[in-house]
Every structure is written in structure tokens, then in C-alpha cells.
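> can you look at this prediction? I've put the sequence above it.
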Amino acid sequence: MSGRRRPIRVVTIIVVVMLFLGLAFLLASGGGSQPQATPASATSVNTDAQLQQLFASQASDVQVQGQGTVTRLLADDTSGGRHQRFILKLGSGQTLLITHNIDVAPRLDGLSVGDTVGFYGEYVYSAEGGTIHWTHHDPGGTHVAGWLMWKGQRFS
């Protein structure tokens, strides 16, 4: 074998190993899979900080995960698709309007002020703190599936 071919083989092997390790890391960290629900007892300081940053920059259409405490139950929005609506307060004090499509996903029957609800959905800026929607699966398969987690049950 020539001296020139040996370095090319070594570089090729290194590249293949690096790609393999990168893929293994991505799969181990949940990349490419559906998000997993966080337990209701866990708090996510990073998520609260991210949501505060999204609010401050007036960003929208960002997929986020977190949890909060129900501070207010609102009437369902019945114009167009029906949505269960309620206000969550995060640990940071920021409030979020949750709009959960109950034509696509189950309603959180019995939800009460003071309950803790986890969420994975799309953040949209509003002057009141923001809105989280897409907290359900997408029947069309074109949007990231979201969910709500309440009393150990996932609603998607």
C-alpha cells in the first residue's frame, strides 16, 4: 500500500467514527424523536428563562416546553376549532394563555385553579405574556406534535 493511501484511510475512518458518535449522541439526547413529558414535579428554570427572553424579544412561532400553575380558567373559544383556554403562571411570574384544541385532543376535564400543567407547544408573543398553542398532535402531520401533562396524564 502506498504512503498516500494510508492517511486517506485513516481520515476516512476518523470521519466515519465521528459521524457515528454524533448520531449516537443525537439519538441519546432525544433528537429526532417526539418530546417526552416532564414530570409535573420538575421545574425548568431554563424554560422559564427562554420564555422570558421570547417575550422580551416579541418572538413567535417557537416550540417550547415548560410548566406552570393554573391561575384562571377561561370560557372555551368556540369560533372555528374549539379550544379549552386557561392562564398559567410560570415560576418566573410570567403568564401564558394556553389554547388547547379540543376538537383534536381531549379536554382536561376537572382542571382547577392551582393545578400544575406541563406543556409542549408553540409560543406566540402577546403583550400579556404569550400564548401557547399546538398542544396536540397534528392530524395533517405537518406540524410538531404538542401535548399537555396534567395529573400524570398526557393530553395530545
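Done, it's in.
> now for the lengthiest strand in the chain, which elements pack on it?
The single longest strand within the chain, with elements called by DSSP state E, is strand 60-77. In terms of contacts (3 or more CB pairs under 8 Å, 6 or more residues apart in numbering; DSSP states H and E), strand 60-77 is packed against helix 45-56, strand 83-89, strand 95-101, strand 116-124. All C-beta atoms are positioned from the backbone trio N, CA, C, and that covers glycine.
> who does it pair up with?
strand 83-89 (antiparallel), strand 116-124 (antiparallel) (DSSP bridges).
> and Gln67, which of the helices and strands packed on strand 60-77 is closest to it?
strand 116-124 (4.2 Å; CB to CB).
> and the contacts of that closest one?
Here strand 116-124 makes contact (CB atoms under 8 Å, 6 or more residues apart in numbering) with 35, 37-40, 51, 54, 59-70, 86, 88, 96, 98, 108, 111, 130-135, 143-144, 146-150.
> of the residues you listed, grab the buried ones for ChimeraX.
Buried subset of the contacts of strand 116-124, written as a ChimeraX selection, criterion 16 or more other CB atoms under 10 Å:
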select :37,38,51,54,64,65,66,67,68,70,86,88,96,98,108,111,130,131,132,133,134,135,146,147,148,149,150
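> in CSV: the strands paired with strand 60-77, plus distance to Arg154.
Shown next, in CSV, are the strands paired with strand 60-77 (distance: least, CB to CB, whole Å):
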stretch, distance to Arg154
strand 83-89, 15
strand 116-124, 9
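> ok, the nearest residue in space to Thr95 that is not next to it in sequence - contacts?
Spatially, and ignoring its direct neighbours in sequence, Thr95 is nearest to Gly129 (4.1 Å; CB to CB, 6 or more residues apart in numbering). Listed by CB under 8 Å, 6+ apart, the contact set of Gly129 reads Phe55, Gln94, Thr95, Leu96, Leu97.
> can you report phi and psi for the second one?
When read as degrees, to the nearest 10, the backbone of Gln94 gives phi -70, psi 140.
> specify the beta-bridge partners of the closest residue to Ala75 other than its chain neighbours.
Nearest non-adjacent residue to Ala75, counting by CB to CB, 6+ apart: Arg85, 7.1 Å away. Beta-bridge pairing for Arg85 (DSSP bridges): Leu74, Thr99.
> might you report the residue contacts of Arg85?
Leu74, Ala75, Asp76, Asp77, Leu97, Ile98, Thr99, His100.
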